[in-house]
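Undergrad: sequence-free structure coming up:
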DNA sequence: TTGAAATATGTTATATTATAACAAAGCGTA
DNA sequence: TACGCTTTGTTATAATATAACATATTTCAA
Ligand SMILES: [Zn+2]
Ligand SMILES: [Zn+2]
Ligand SMILES: [Zn+2]
Ligand SMILES: [Zn+2]
């Protein structure tokens, strides 16, 4: 019996590929325009693929930008614990992969002792290039 | 010479008041519908007020929900460092005010030594009520 | 006091992001 | 085969946000 965990459908492969190739976060409709030549016709196909890829941890959504980036963590099995740095000037986005940070946040308890099973953290500042 | 830092215009006051009264995050268009009786006619007025209130730290945007909450930190002068807990079930949102956490994140440096002047953190889980 | 600059508001239209609803096709397997 | 399940296709529309430009109000210095 074969595992289906990693199976990607045709549309999902197409969408993943274009996001992986991109150097910057992609918007859903810019993905749509790019893949129309490959036969994907409408928003639903794109959004379905995005939803699935997010669940699989292959991509992440940058909430403050409504844009999508490929996971750089060697296929994030921890898509429930994400952190990014975002340049205010050039909009470059980098996925932060810092064990100490993720440990700190995963173990974080609030005043009431509540713990959480998921978080998303977005840092903003100027990237090296833009700081010069 | 009077300070203008805290001055709110009429529309800004109206929008802030309704967000402060609400027990849950409000969407921009639900704010619009509520304030139409007070003379605010269109989306631009609402979005302008929201933008201003965010800059002043009076409200925050919950990015994962496209919704807005009043600051509970006694008027957050640190609107550049925000953290929230969000219930996956009832969608309740609570602003986290934890000095250790904010210190940790404000001082965080990534691998390249880069530091950030702003962050937004959203935790997800089940609130006390929903956990029962 | 007056008039230019800055800020706030009003108004219409439109852009952008995302989902609903339902039909059809493909695939695994009993 | 025929049934359930997943994926895809298609049309329409909902929800979120901004552009562009006109008007009004406030500020403040000449
Ligand atoms: Zn990742
Ligand atoms: Zn940059
Ligand atoms: Zn606050
Ligand atoms: Zn709850």
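TA: Yep, it's here. Note that the coordinates shown come from a computational prediction; the quantities given were computed from them, not determined experimentally. Ligands and ions are numbered 1, 2, ... in the order given.

Undergrad: So which bits of chain A are right by DNA strand C?
TA: A:1, A:27, A:28, A:29, A:30, A:42, A:43, A:44, A:47, A:51, A:66 (C-beta under 7 Å from any atom of the strand). The way it works is simple: take the backbone N, C-alpha and C, and place the C-beta from them, glycine included.

Undergrad: can you count the residues close to residue A:100?
TA: 9 (other C-beta atoms under 10 Å in any protein chain shown).

Undergrad: Quickly list the domain ranges of chain A.
TA: A:10-70, A:81-131 (automatic domain parsing).

Undergrad: does the longest one come close to chain B?
TA: Which is domain A:10-70. Yes - under the criterion of C-beta under 8 Å from any C-beta of the partner chain, chain B is reached by domain A:10-70 at A:63, A:64.

Undergrad: hmm, that domain in reach of DNA strand D?
TA: Yes - for domain A:10-70 and DNA strand D, the contact criterion (C-beta under 7 Å from any atom of the strand) is met by A:10-12, A:39-45, A:48-49, A:52.

Undergrad: buried sites along stretch A:8-28?
TA: For stretch A:8-28, burial by neighbour count (16 or more other C-beta atoms under 10 Å in any protein chain shown) applies to A:8, A:11, A:12, A:14, A:15, A:16, A:18, A:19, A:22, A:25, A:26, A:28.

Undergrad: Now the residue nearest in space to the middle of chain A: closest residue in space that isn't a chain neighbour?
TA: Taking C-alpha atoms, centre = their mean, the centroid of chain A lies closest to residue A:60, which sits 1.3 Å from it. In this structure, residue A:60 finds its nearest non-sequential neighbour in residue A:82, 5.3 Å apart by C-beta to C-beta, 6 or more residues apart in numbering or on different chains.
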